[in-house]
Structures are given as C-alpha cells and as structure tokens.
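Asks: Got a predicted model here, sequence first, then my questions.
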Amino acid sequence: VYKRQPKNVTHPSTRVQKETRYRWIGRDSRGGIKKKGQKGQKGHAWSDVEIDDALKHISGFKGCFSKDQIPTLQNNAFYIINLQSSNEGSRTGTHWCVLANFKDYAMWYDSMALGEPTQVKDAIGQKKLYINHIKHQMTSSVHCGPYCVLFVKYMSKGSNKILRFKDFIHNIFTDNEQNN
C-alpha cells in the first residue's frame, strides 16, 4: 500500500502542516517493489508508483519489476528493473536500472554502472547487450529512479537507438556535477 503521511512540522506563520514524507510499504498490485526514502539526502528514493506515473505516456514502457520477475521481453520495450529479488530481505528494493529491448539487441542502463545481473542475461538470450560503464550516480545517492525515467524518455525518441544510447551515456550530467 502506498501511503503519504504528514510530518509533524508546522509552518511558523500558519501553524498548518506543510511538509509530507513518503513511506513505501509492501508491494503494489503487480508485485512491484516499493522503496523507503532515506533520511538526510535531497529528494527521496522513487517507488515503482512514481516511476510508473512518470512514464505512463511512453508507449514502449512495460512497468517496474524485480530482477527475478522479468517478464517475456517484447521488442521496442523498456523495463525498469530493481536489483533486489522479490524474495530478498525486507523487500523494500535496492536500486533501479533499465532494460531496453529491441529486435536485434538490448541495452542495460545502470546509473551506478554496476553491471547487469544474470537474470537480465537470461531474459535477453543471445542478443547483443549494450551496457553503460560510466557512473552517473553517487553511491550515497537515491536518484536511480529519476535517472531511469530520464533514460527511458530520451531513448523513446529518435530512430538510431545505439547512437542515442552512447550520446546519453557520455553527455548526461552526474550527481557530482549537479551538486557542485
């Protein structure tokens, strides 16, 4: 269940609660993972609900899945993959990545450049897999969700997907650049 809960902070002039915090509890109806925000950082970890909402207008977007629940892949489709298995630990999720599948090849975008899990290799079969090796996200950051959304929106346009992939990987700003 996705819940938005008020924080016990009031605005000094109005004594009205202004700020909210997010708490991700359990799973959504499709079995997607919900993430719990981390304290002390700008922003919060995006849940599958927020990612779905941000990408609902992209025709090739197929949803958010844990790495052990990747569905049968369709061509010209984008899948947001959480690196935590559905049966691991607290089930709050760990890190979002993107699997983009096309007719003759697939692409794996990981903002931390950690590499793809074996479940992705199994899902794509013998197709060529393009992987980014440039780290865009700082280890302490919770911005993997927004990076995935940005990647899907960028890749959903244009025809030369390999060129767009390389352009995105080499020209997107990193957490470090944004925070300086």
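Replies: Sure, I can see it.

Asks: May I have the residues that are in contact with Lys161?
Replies: Lys161 is in contact with 100, 102, 107, 155, counting by C-beta atoms under 8 Å, 6 or more residues apart in numbering. The C-beta positions use only the backbone N, C-alpha and C, and glycine is treated the same way.

Asks: Report pLDDT for it.
Replies: On pLDDT, Lys161 comes in at 96.

Asks: With neighbour count, distance to Lys127 and pLDDT added, can I get the contacts of Lys161 in CSV?
Replies: Formatted as CSV, the contacts of Lys161 follow (neighbours: other C-beta atoms under 10 Å; distance: C-beta to C-beta, whole Å; pLDDT from 0 to 100):
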residue, neighbour count, distance to Lys127, pLDDT
Ala100, 22, 11, 97
Phe102, 18, 8, 97
Met107, 24, 10, 97
Met155, 21, 16, 96
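
Asks: okay if I get those residues as CSV plus secondary structure?
Replies: Formatted as CSV, the contacts of Lys161 follow (DSSP: H, G, I helix; E, B strand; the rest coil):
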residue, secondary structure
Ala100, strand
Phe102, coil
Met107, strand
Met155, helix
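
Asks: The closest residue to His95 other than its chain neighbours: neighbouring residues, count only.
Replies: Take His95 and drop its neighbours on the chain: the residue closest to it by C-beta to C-beta, 6 or more residues apart in numbering is Leu83, 4.6 Å away. Residues lying near Leu83 (other C-beta atoms under 10 Å) number 21.

Asks: what's the pLDDT at Leu83?
Replies: 90.

Asks: Could you do the one 5 residues further on as well?
Replies: Glu88 is assigned 73 on the pLDDT scale.
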